[in-house]
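Novice: Return a 3D structure for these sequence lines:
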Amino acid sequence: MTTTATANSSAPAARAKGGQPMHAIKPWWQAGPFALVFLLFFLIPLGLIAMVSLWNFNEYELIPALTLRNYASIFEGCSGLTDNGDFCVTLSTYISTLKFCLLVWAITLLIGFAVAYFLAFHVRSPGIQTLLFVLCTVPFWTSNVIRMISWVPLLGRNGLVNQGLMGMGLVEQPVEWLLFSDFSVVLAFVHLYTMFMIVPIFNSMMRIDRSLLEAASDAGASGWQTLWNVIVPLSRTGILIGSIFVITIVMGDFVTIGVMGGQQIASVGKIIQVQTSYLQFPLAAANAMILLAVVLMIIWGLTRLVDIRKEL
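Specialist: Residues are numbered from 1 along each chain as shown. As a prediction, the model looks like this:
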């Protein structure tokens, strides 16, 4: 009895304040490794880019002297329209990039929502769901460049599509805008990044309580009413996450636009890539910081619509 009483009385002493064991790891120690990775691979490189964007340079060297010349040269001539009635190079490039971003976002959202809806609500067997979901990931088993190049034999002047159109008598000569055009760039983007929209939307739809759909049906709601008033609001977290993925990738992409645009279409990422190839690192860093600010403003606007932390 004495031994039992002694053990019971010493049990509270073996616990720290709040009822946790003395040997429990502090929360900030648990977060330490992740914070270190975030610091080393994001904050420090971002700080270096910001620092280099304020440096001066010439044809031969970087000059570590603080200056705003790089930012001023980017927006040079943007105070008004040019003689031809166009915007300056920087604004025109951002407008072109935002155009691709908006088109790709809208198309991937429609396709991604439709595919996720079919997998979540029309495929009953979990095994078939898994199989179809894996089939959606098959294109990711190969390189992005290979998947882009695979469109060339299809869309080229002598490609299968043009041969088929001429063979059916629909056109008399090859269609030129199928390849190395805005159409081919958008097509490649949709092909490459639709999966980034499917996955989060599918994940959100699988969390929807199916009794809500039954309740909507019992209340007399049609299929479209249930879709718009129940499924879409409850899937908004996945829609937002997928939108952030697609927008951030497309805004900074330069490989897809370079390959599928025939090196003839400008984008912000392409400008940064060209500047780095000419060793204009401060100018490229300034462009990168401006691009980052634009993307962050877009993400901030999206997160005003949905509070991700509250929804997850």
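Novice: Name the residues that touch stretch 266-278?
Specialist: 92-94, 96-97, 100, 251-254, 257-258, 281, 283-284, 287-288, 291 (Cβ atoms under 8 Å, 6 or more residues apart in numbering). Where C-beta positions appear, they are placed from N, C-alpha and C, glycine not excepted.
Novice: Quick check: PyMOL command selecting the buried ones in these.
Specialist: Buried members of the contacts of stretch 266-278, defined by 16 or more other Cβ atoms under 10 Å, are picked up in PyMOL with:
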select buried, resi 93+94+96+97+100+251+252+253+254+257+258+281+283+284+287+288+291
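Novice: And the strands in the stretch 101-250 of the chain?
Specialist: In the stretch 101-250 of the chain, no strands are found when defined by DSSP state E, counting those that start in this stretch.
Novice: Where does the prediction get shaky in the stretch 201-312 of the chain?
Specialist: 309-312 (pLDDT under 70).
Novice: change it to 50
Specialist: Judged against pLDDT under 50, the stretch 201-312 of the chain has no low-scoring part.
Novice: quick one: the helices in it?
Specialist: Using DSSP state H, counting those that start in this stretch, the helices of the stretch 201-312 of the chain run over residues 210-218, 223-226, 232-234, 236-252, 255-260, 268-277, 281-305, 308-311.
Novice: and the third one, how far from the chain's centre?
Specialist: Meaning helix 232-234. In this view, helix 232-234 has its centroid 21 Å away from the chain centroid, taken as Cα atoms, centre = their mean, to the nearest Å.
Novice: cool, and the fourth one?
Specialist: On the basis of Cα atoms, centre = their mean, helix 236-252 is displaced by 4 Å from the centre of the chain it belongs to.
Novice: Output that helix as PDB, nothing but the C-alphas.
Specialist: The C-alpha coordinates for helix 236-252 follow below in PDB (Å, rounded to 0.1, in the frame of the first residue of the first chain):
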ATOM      1  CA  ARG A 236     -13.900  25.900 -53.100                       C
ATOM      2  CA  THR A 237     -10.800  25.100 -51.000                       C
ATOM      3  CA  GLY A 238      -9.700  22.600 -53.600                       C
ATOM      4  CA  ILE A 239     -10.500  25.100 -56.400                       C
ATOM      5  CA  LEU A 240      -8.500  27.800 -54.700                       C
ATOM      6  CA  ILE A 241      -5.500  25.500 -54.000                       C
ATOM      7  CA  GLY A 242      -5.500  24.300 -57.600                       C
ATOM      8  CA  SER A 243      -5.800  27.800 -58.900                       C
ATOM      9  CA  ILE A 244      -2.800  28.900 -56.900                       C
ATOM     10  CA  PHE A 245      -0.800  26.000 -58.300                       C
ATOM     11  CA  VAL A 246      -1.700  26.700 -61.900                       C
ATOM     12  CA  ILE A 247      -1.400  30.500 -61.700                       C
ATOM     13  CA  THR A 248       2.000  30.500 -60.000                       C
ATOM     14  CA  ILE A 249       3.400  27.900 -62.400                       C
ATOM     15  CA  VAL A 250       2.100  29.600 -65.600                       C
ATOM     16  CA  MET A 251       3.300  33.100 -64.500                       C
ATOM     17  CA  GLY A 252       6.900  32.000 -64.200                       C
END
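Novice: That'll do, ta.
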